[in-house]
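> Based on what follows, work out the 3D shape:
(2 chains)
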Amino acid sequence: MTSAAATAVLTPAEMAIGTPLPTRRQEDWKWTDLRRRIETPYARGAGVADPSRVARLIAADPLAKLPLRRVVFVNGVLDRSHSDLTGLALKDGAPALAEAEWLAAMNTTLEAQPVTFTVSGTADRPLHLMFLTLADAPAAAGARVHIDVAEGASLQFIESHRGIGAYLANPALTIQLGKGARMDRAKLELEGAEATHLAVAELTLAADAVLRDFTLTSGAALNRQNGRITFAGEGADARVTGAYLLGGAQHADTRLVVDHQVPRCLSREVFKCVMDGDARGVFQGKVIVAPDAQKTDGKQSSHALLLSERAEFDAKPELEIYADDVVCGHGATSGDLDHDHMFYLMSRGIPQAEAKAMLIAAFVGEVFDGVDHEGLRDVLTAFAQNWLTAHKS
Amino acid sequence: MADQDTIDLVKDIDVDKYKYGFTTDIEQEFAPRGLSEEVIRFISAKKNEPQWMLDWRLEAYRVWQTMVEPTWAKVSYPKIDFQSLYYYAAPKAVTGPKSLDEVDPKLLETYAKLGIPLKEQEILAGVRQQGEKSTLDEEGAGATTPVAVDAVFDSVSVVTTFKAELAKAGVIFCSISEALRDHPELVKKYLGSVVPQGDNFYAALNAAVFSDGSFVYVPPGTRCPMELSTYFRINAKNTGQFERTLIIADKGAYVSYLEGCTAPTREETQLHAAVVELIALEGAEIKYSTVQNWYPGDKDGKGGVYNFVTKRGDCREAHAKISWTQVETGSAITWKYPSCILRGDHSRGEFYSIAISNGRQQVDSGTKMIHLGKHTSSRIISKGIAAGRSDNTYRGLVSAHRKALHARNFTQCDSLLIGDKCGAHTVPYLEAKTSTAQFEHEATTSKISDDQMFYVMSRGLSEEEAVALIVNGFVRDVLQQLPMEFMAETQKLIGISLEGSVG
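Residues are numbered from 1 along each chain as shown, chains lettered A, B, ... in the order given. Model prediction:
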């Protein structure tokens, strides 16, 4: 936080939340001016929600039918009554967030109740953390979860974020992958239409750890996700993918830092962003290669598909490289549907709307295909189909 | 073979021996040290400027005083004491550019030593004298196309060649001081219309104290009959160089312009804060090439030029085209973003760059392509090569505004690292505010692969030769954009800049 921002007069929204908000004068926030965009004075903490409403919301979850071990957080607090905790190594408390950053500071201010999961061996079922926010009046809720995957352990992990009302959700997740550990992570950001989703995810990989990470961003009026992946041991491998399906006046901004601190790690990032209506998508990726991180192989790409003339995409794919024996690259593209592709399909007798849907499905399909869990992949495909039907224009 | 020449040159020249590091001992006149309204009035009076020009400068100075030095670039340097600099230095007895015969022979000698034999060039109309070694063209020998040169020595333009020939075609090519005297209406109309006084910290400083620079006006429908060139030389100690270049290509005109820069080897750092404004009207084309070889400092980072420059072109009307080509090998710090504002429909911007950093050099350079008009297109090719303990950053912006329907951009920025103590960074910004804009951006960072080296060396080349060959291949796309006369020279410069980085 700069001193200038700290001494500035706080807005009513900032006073309510108890922390200053970044403005576009902060380089990382140049496309998402939180101070200007957050006008609602959210109350700190959303209180206790009505259990029957919680139960209804759980039942409506798109993942409800999958055989997952479900752990529910309501308004940022672990809801034991709706969670399946038997045999889970769970304790209160979590390590402090590594990055002294706006959203991490907010999480501290919101006094989230930290929880730590420890995973050893191979989990019997995928772990599903369901984050729900129910606010009758505008409220801000922070959640704080730490997952420690022990050496050689493996975990399929899904988190979903949903809610009702005008709320601000501020989940902060830290994950430690031990030596040779593996995690398949999927995040579904399906927050309510009036919601603001400000998430922090910090993942650290020890030697030979494997990470498969996918994020679907489709909910919330305002979304900002700060991710950081740190390679702390040699030979680790991370593939991070994401899809945006945005419409209306939605705004989503992902800031993803991949930090190669040690030699011989591999990272891949692929983001596919679809924006319709007046939506605005932002992708800020940064690959850092430290002076000794030789033999690093890092690639990132972000591709945007703008379906309406008013939709917008901003990207800042950064490379910061201090080692010479590396192969790094990034690519970014932005445009509308390829007219040649449309022509080809329509000349084969496929109606325009259908051809369009096929091309969009193929565009995001690339990242869906990387999702390992078959049931989840089907849910994602169905979700995308519904989204396309709703945005057929 | 060009690459063999590179190798030979590399061998000849010690890494610490900057080729152009000599000083010309000539009597000079300075403005009082430091910056104040008085100094600005002094500079303006020296140049017999009209009142409006002085007011314009003072306005810029007032704006500058309210501005904060920017710190966002990935470069670090000790704070500049703006009051310890001289803002005006001129060889004595130069009251303004004269004809060649009147120029102090010492100055001509300086330029000859830099490979710009002004006098011979004019006399022989471009045919080089036998035995006259020119760094501009060593293999081509014999007849070359004439190049008109404006030679700027510290704060003043000392001579402009080929003025008569250019005048026949209606082209105005002179120092900006002369332009203020002879064509005030043109200067008044266009000066500051692309880079306004308060545009940024260094542009405001430049607007307040700029002393000279080149002025080009190409009338409608005219293709400038020869390459135009400005050669900048910093000579005096503790002097900042603040030149201002203004190039206007009227409807349907074409001009190709090249600037070269060198400075003596000194232990103190020197500030160079120039502003270049290009204006291309309907259907006009401006090709602007830079071979920047300011003194880079020694291998421990002592001395060198701080090259903080604002360069911007405005494709003001339809079908205009502006192309920037830069070869950046010198300067302790290079911090500049030659940009294009694509205002006219169907206008086009291009940026080709080779930035080489060695020793302790720092480069933060790139471009901005701002698409405002319909069907505008732009292309960016940037090749960064970092060696030694240098940092080399590409920073660029490509934006399409709401109304920039069917804007197109292709960007490719590649970085090559030689050695494990240097850094190469890429910071591109893409902003697409219309779905009809098609943007493509690609970047890679790598070192010369062992396979490439093995292949070339198995053909009998030594390690140094192999590196030079591969690097020249790496930058080929950009080299090809340079005017013919400068390609060979540039290839050698690349070899020299990388000297000491292999092995």
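
> Point me to the residue of chain B nearest chain A.
Of all residues in chain B, B:Ser435 sits closest to chain A, at 3.3 Å by C-beta to the nearest C-beta. (Glycine included, C-beta is placed from N, CA and C.)

> Surely that residue is in contact with A:Gly281?
No - counting by C-beta atoms under 8 Å, B:Ser435 does not reach A:Gly281; the two are 11.8 Å apart.

> so who does the residue nearest to the residue of chain B closest to chain A when sequence neighbours are not counted touch?
Distances taken as C-beta to C-beta, 6 or more residues apart in numbering or on different chains place A:Leu306 nearest to B:Ser435, at 3.3 Å, with adjacent residues excluded. Residues near A:Leu306 by C-beta atoms under 8 Å, 6 or more residues apart in numbering or on different chains: A:275, A:312-313, A:334-336, B:432, B:434-435.

> host element of A:Gln385?
Assigned by DSSP states H and E, A:Gln385 belongs to helix A:374-390.

> what do you get for A:Glu366?
Counting by DSSP H and E, A:Glu366 is found in helix A:352-368.

> Let me see the mean pLDDT of that helix.
Within the predicted structure, the mean pLDDT of helix A:352-368 is 91.

> what do you get for stretch B:301-313?
89.

> in the sheet, who's paired with the residue of chain A found nearest chain B?
Using C-beta to the nearest C-beta, A:Leu306 is the residue of chain A that sits closest to chain B, at 3.3 Å. For A:Leu306, the beta-bridge partners under DSSP bridges are A:Met275.

> now it: how far from A:Ser334?
7 Å (C-beta to C-beta, to the nearest Å).

> if I look at these two, which residues touch both of them?
Shared contacts of A:Leu306 and A:Ser334, defined by C-beta under 8 Å, 6+ apart, are found at A:313, B:432.

> who's more crowded, B:Ser435 and A:Gly281?
A:Gly281 (30 against 24; other C-beta atoms under 10 Å in any protein chain shown).

> and that one, what element?
Using DSSP H and E, A:Gly281 falls in strand A:280-289.

> Alpha carbons of that strand, as CSV, please.
The C-alpha trace of strand A:280-289 is given here as CSV (Å, rounded to 0.1, in the frame of the first residue of the first chain):
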residue,chain,number,x,y,z
ARG,A,280,-14.9,-6.5,-19.8
GLY,A,281,-12.3,-9.2,-19.3
VAL,A,282,-8.8,-8.6,-18.1
PHE,A,283,-5.9,-11.0,-17.9
GLN,A,284,-2.6,-10.0,-16.3
GLY,A,285,-0.2,-12.9,-16.3
LYS,A,286,3.4,-12.6,-15.2
VAL,A,287,6.1,-15.3,-15.5
ILE,A,288,9.2,-14.6,-13.3
VAL,A,289,12.3,-16.6,-13.8
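
> which strands and helices sit next to it?
Packing partners of strand A:280-289 (3 or more C-beta pairs under 8 Å, 6 or more residues apart in numbering or on different chains; DSSP states H and E): strand A:237-246, strand A:251-260, strand A:266-275, strand A:297-306, strand A:312-321, strand A:327-335.

> who wins for proximity to A:Ser154 among those?
strand A:237-246 (13.5 Å; C-beta to C-beta).

> in its sheet, what does that closest one sit against?
strand A:210-217 (parallel), strand A:266-275 (parallel).

> Buried deepest among the helices and strands packed on strand A:280-289, which one?
strand A:312-321 (a mean of 25; mean count of other C-beta atoms under 10 Å in any protein chain shown).

> any idea how far B:Leu180 is from B:Ala73?
From B:Ala73 to B:Leu180 the distance is 32 Å (C-beta to C-beta).

> higher neighbour count, those two?
B:Leu180 (22 against 19).

> which element is the more buried one on?
In the assignment (DSSP H and E), B:Leu180 maps to helix B:176-182.

> Need the contact partners of that helix.
Here helix B:176-182 has contacts from B:47-50, B:53, B:96-97, B:156-157, B:160, B:172, B:174, B:186-187, B:210, B:212-215, B:217, B:243-246, using C-beta under 8 Å, 6+ apart.

> what's downstream of that helix, the next helix or strand?
helix B:184-190.

> Next, count neighbours for the nearest residue to A:Asp50 once chain neighbours are set aside.
Leaving out its chain neighbours, the residue that sits closest to A:Asp50 by C-beta to C-beta, 6+ apart is A:Leu134, at 7.4 Å. By the criterion of other C-beta under 10 Å, A:Leu134 has 22 neighbours.

> from memory A:Leu134 sits against A:Val74, does it?
Yes - the pair A:Leu134 / A:Val74 is scored as a contact, 6.8 Å apart, by C-beta under 8 Å.

> Could you tell me which residues touch both of the two?
Common neighbours of A:Leu134 and A:Val74 (C-beta under 8 Å, 6+ apart) are A:49, A:54.

> coming back round to it: kindly give the local confidence score, pLDDT, for the residue nearest to A:Asp50.
93.

> Tell me the bridge partners for it.
A:Ile164.

> And it, how far from B:Leu191?
From A:Leu134 over to B:Leu191 the distance is 63 Å, taken as C-beta to C-beta.

> for A:Leu21, same thing?
Distance, A:Leu21 to B:Leu191, using C-beta to C-beta: 42 Å.

> Ok, B:His406 next?
In terms of C-beta to C-beta, B:His406 sits 33 Å off from B:Leu191.

> partners of the residue most central in space within chain B in the sheet?
By C-alpha atoms, centre = their mean, chain B has its centre lying nearest to B:Thr290, at 3.9 Å. Note on B:Thr290: beta-bridge partners B:Glu259, B:Gln326, judged by DSSP bridges.

> could you list every residue that touches it?
Contacts of B:Thr290 by C-beta under 8 Å, 6+ apart are B:258-261, B:324-328, B:338.

> wait, A:Lys299 sits on A:Ser267?
Yes - assessed by C-beta under 8 Å, A:Lys299 is found in contact with A:Ser267 at 7.3 Å.

> Residue 265: what's it in contact with?
In the absence of a named chain, chain A is used. A:205, A:231, A:234-238, A:293, A:296-297.

> hm, I was asking about chain B
B:18, B:21-22, B:295, B:298, B:303.

> Identify the residue spatially nearest to it, adjacent ones excluded.
B:Gly21 (3.1 Å).
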